[in-house]
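Engineer: give the three-dimensional model of this entry:
(one chain, ligands or ions: 2)
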Amino acid sequence: MAKIGINIATGSLQKKEIIVGIDLGTTNSLVAIIHPDTKQPVALKEHNSSSLVPSIIYFDESNNTIVGEQAKQHLLTDAKRTIFSVKRLMGKSYKDVSGHSTSLAYKIIDDETESLLKVQVGNKFYSPIELSSFILKELKSRAEHILKTPVNKAVITVPAYFNDTQRQATRNAGKLAGLDVLRVVNEPTAASLAYGIGLHKDDHKTIAVFDLGGGTFDISILKIANGIFEVLSTNGDTYLGGDDIDEAIKKYWINTLGIDANAENEKQFVTELRLKAEDAKKYLSDHDSYESELDSHALTITREVLEDLLNPLILKTLASCTNALKDAGVEKNSIDEVLMVGGSTRVPAIKNAVSIFFGKAVNDSMNPDEVVALGAALQADILAGNNKEFLLLDITPLSLGIETMGGLMDVLIPRNSKIPNKISRQYTTQKDGQGSIKIAVYQGERDLVKDNRKLAEFSLKGIPGMPAGLPKVEVSFLINADGILVVAAKELRSGVEQSIEVRPQYGLSDEEVEGMLLASITHAKDDIATRALLEAKTEGEQLLETTEKFIQKNILFLEPREMVQTAEAIQALQLALTMNDKDLIHTKIEDLNNISRPYAERIMDQAVARAMQGKII
Ligand code: ADP
Ligand code: MG
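Structural biologist: Ligands and ions are numbered 1, 2, ... in the order given. The predicted structure is shown next:
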């Protein structure tokens, strides 16, 4: 396969077209570009305002959205309709977040399946992809307003530990916002580029990136050689960050003032106290003591007191650093640079502790809120072909994937991935006793396979009879240095396997690639709506099937009232499935779940009790 220059491979990169870098953060998001005159990365901001856009979405009564600082105000007044920390939900099923969902004021839907979760606002259901797209749309329109030019292409950053599903979800959010996402880049890689590490082919370094944001902490160990950034290890805590510091200060004040934080008449006071706590924390990053008041209560705190409160948090982060080094197989003294990223690394005690831990001064010369976005802008510049050292790379010009239920495209190797590459993912059967599974391989960016280019198809036969959902079929895509794709499928319980070879690039011109990319952007909205509807239908059908099976098996344990209610809810869901309204389907799924949950739990408990009795006798 020929070496493809990225600008040729993607087909549509024109010299003057701007590609923005986006840091889509849990707490704050922002956009950066390479300044056309200085050639340096800069974060975009309107006059006199911050470059940071809080990653918060408020839905008004008619479900119109407001994103950013204005939405943040509604956290206090209308918490159920104000969505924050969406990034934590990306690519997650309800089961993944169930332990933490009680800490959120908004409603996460528990449909008791493995499917991706949704957030309910009023009578509408939103996927984290849609929610993130609202933030990206806001960033896009701000950038267009500031730059006075259309913005259609972006590089978006994600945490190094994001898996394939989470990365794909991020790409889809971009697409839905009308952005062609040229690449999804690891946040620590972006930070490294911003510090100029890895910008030249002969840079060889091992670095640690310490990223403490609002609600998450990540430590990544990277090895940089020959223009390649390898993540040796990542560690951290997705529930540790600046929010915990605010909370600690708030508690300190509640204690010193002797307030009953649970009393109904103190609720408003405690909420406002929390905001004061964040002010105090930020102020103490540059001063020795803070003084203010709230409702004629004096609020004071010194840096010394804050440092005591911080100790447990600091110890946790350092324990993660130790683990990350261990996993990477790297000694502290082999770390060449320690980069400080994320707003919370402005706290002097944290900086000190990290530099003592690594035994060297940390790199903190860049704005820690902006550094990831600045690096994303540099990566965008490389992709635009402006950095000659990185012009030639072997990449996949279009995404490669397989057909899944309802004719949906499931991407295994996203476009612009480096070659060679290998990825595998597990699938299962839909029907009881299903003996074969069809693997149809497609290329393209559209959500429905019918709009993409079919490359090959084969069947994995001889799967032994098992109930639906039990077989584990691993599909792997291996694309070698010559651009040949080997698709293999293996049922892991029985070991049956089958594979096929294809040449994805065969007979595909640059113009066709470009046409396919453009179509995916112009159809993004419809595509994602169709996908959401198909997913809702699949979920509804699966729920009907499992409910009916459950009832057949346990009919003797159900009360007549429960039978009637269930039958009605089943009928309502069946009717909803015939209509093309995903929100209606989700509502009916919810209703059926709410009716069946109590007796399902009761019957399970009884079964457990019977089994226990059996053991004792
Ligand atoms: P994320 O990457 O999770 O979106 P950020 O990197 O934007 O988050 O960090 C946000 C956090 O940084 C918030 O908790 C905020 O209070 C904190 N922060 C911002 N400025 C300061 C400061 N001067 N001192 C201490 N913490 C700060
Ligand atoms: Mg961040």
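
Engineer: list phi and psi for the residue of the stretch 151-300 of the chain found nearest ligand 2.
Structural biologist: Taking Cβ to the ion, ligand 2 has its nearest neighbour within the stretch 151-300 of the chain at G213, 4.3 Å off. Heads up, the C-betas are built off the backbone N, CA and C, glycines and all. The phi and psi values for G213, taken as degrees, to the nearest 10, are phi -100, psi -150.

Engineer: so what's it closest to, chain neighbours aside?
Structural biologist: G342 (4.1 Å; Cβ to Cβ, 6 or more residues apart in numbering).

Engineer: which residues sit against stretch 308-319?
Structural biologist: 210, 212, 217, 219, 237, 240, 244-245, 248-249, 252, 347, 349-350, 353-354, 357 (Cβ atoms under 8 Å, 6 or more residues apart in numbering).

Engineer: so which helix or strand takes in K137?
Structural biologist: helix 128-147 (DSSP states H and E).

Engineer: so, in contact with ligand 1 or not, that helix?
Structural biologist: No: Helix 128-147 does not reach ligand 1 (Cβ under 6 Å from any ligand atom); its nearest approach is 10.9 Å.

Engineer: off-centre distance for that helix?
Structural biologist: Its chain's C-alpha centre and that of helix 128-147 lie 16 Å apart, by Cα atoms, centre = their mean, to the nearest Å.

Engineer: in it, what's buried?
Structural biologist: Going by neighbour count (16 or more other Cβ atoms under 10 Å), the buried part of helix 128-147 is 128-140, 142-143.

Engineer: is the following helix or strand past it up against ligand 2 anywhere?
Structural biologist: Proceeding C-terminally, helix 128-147 gives way to strand 153-158 as the next helix or strand, assigned by DSSP H and E. No: against ligand 2, strand 153-158 shows no contacts by Cβ under 5 Å from the ion, the least distance being 7.9 Å.

Engineer: show me the shaky parts of the protein.
Structural biologist: Where the chain drops to pLDDT under 70, the residues are 1-16, 101-103, 110-115, 387-394, 612-617.

Engineer: close to ligand 1: what parts of it are there?
Structural biologist: Going by Cβ under 6 Å from any ligand atom, the residues of the chain near ligand 1 are 25-28, 213-216, 241-243, 278, 281-282, 285, 342-344, 346-347, 369.

Engineer: among the residues you listed, which are located in strands?
Structural biologist: N28 (DSSP state E).

Engineer: among the residues of the chain next to ligand 1, which are in helices?
Structural biologist: Within those, residues falling in helices by DSSP state H are G242, D243, E278, K281, K282.

Engineer: ok, now which ones touch the residue most central in space within the chain?
Structural biologist: The residue lying closest to the centre of the chain (Cα atoms, centre = their mean) is M90, at 3.5 Å. Counting by Cβ under 8 Å, 6+ apart, M90 makes contact with P128, I129, S132, F162, Q166, A169, T170, A173.

Engineer: how about those in CSV, adding distance to E541?
Structural biologist: Below are these laid out as CSV (distance: Cβ to Cβ, whole Å):
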residue, distance to E541
P128, 23
I129, 22
S132, 27
F162, 30
Q166, 26
A169, 23
T170, 28
A173, 26
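
Engineer: related to what we said a few turns ago, the contacts of stretch 308-319 in helices, which ones?
Structural biologist: Those of the contacts of stretch 308-319 lying in helices (DSSP H): D244, I245, A248, I249, Y252, A349, I350, A353, V354, F357.

Engineer: give me the neighbour count for the last one.
Structural biologist: What it means is F357. 19 (other Cβ atoms under 10 Å).

Engineer: going forward, the N-terminal residue is numbered 58.
Structural biologist: Yep, numbering from 58; the last one is F414 now.

Engineer: list the contacts of it.
Structural biologist: Residues counted as contacts of F414 (Cβ under 8 Å, 6+ apart) are L375, C378, K389.

Engineer: verify the contact between K194 and A234 for me.
Structural biologist: Yes: counting by Cβ atoms under 8 Å, K194 does reach A234; the two are 4.4 Å apart.

Engineer: any idea how far Q130 is from the closest residue to ligand 2 within the stretch 458-607 of the chain?
Structural biologist: For the stretch 458-607 of the chain and ligand 2, the shortest gap (Cβ to the ion) falls at P471, measuring 21.8 Å. P471 sits at a distance of 37 Å from Q130 (criterion: Cβ to Cβ, to the nearest Å).

Engineer: cool, and G299?
Structural biologist: 19 Å.

Engineer: looking at those two, which is more packed in?
Structural biologist: Higher neighbour count among G299 and Q130: G299, with 24 against 14, using other Cβ under 10 Å.

Engineer: residues touching the closest residue to the more buried one other than its chain neighbours, list them.
Structural biologist: Leaving aside its chain neighbours, G299 sits nearest to S401 (4.1 Å; criterion: Cβ to Cβ, 6+ apart). Going by Cβ under 8 Å, 6+ apart, S401 touches L269, G270, G271, G298, G299, I302, I407.

Engineer: now for those: which two are most distant?
Structural biologist: Greatest spatial distance in the contacts of S401: G271 and I407, 13.9 Å, computed using Cβ to Cβ.

Engineer: tell me what the longest helix anywhere in the chain is packed against?
Structural biologist: When the chain is parsed with DSSP H, its longest helix is helix 639-673. Packing contacts for helix 639-673, counted by 3 or more Cβ pairs under 8 Å, 6 or more residues apart in numbering; DSSP states H and E, involve strand 181-183, helix 581-611, helix 617-634.

Engineer: give me the sheet partners of the first one and which way each runs.
Structural biologist: What it means is strand 181-183. strand 176-178 (antiparallel) (DSSP bridges).

Engineer: OK, now which residue of the stretch 408-557 of the chain is nearest to ligand 2?
Structural biologist: For the stretch 408-557 of the chain, Cβ to the ion, closest residue to ligand 2: V429, 5.6 Å.
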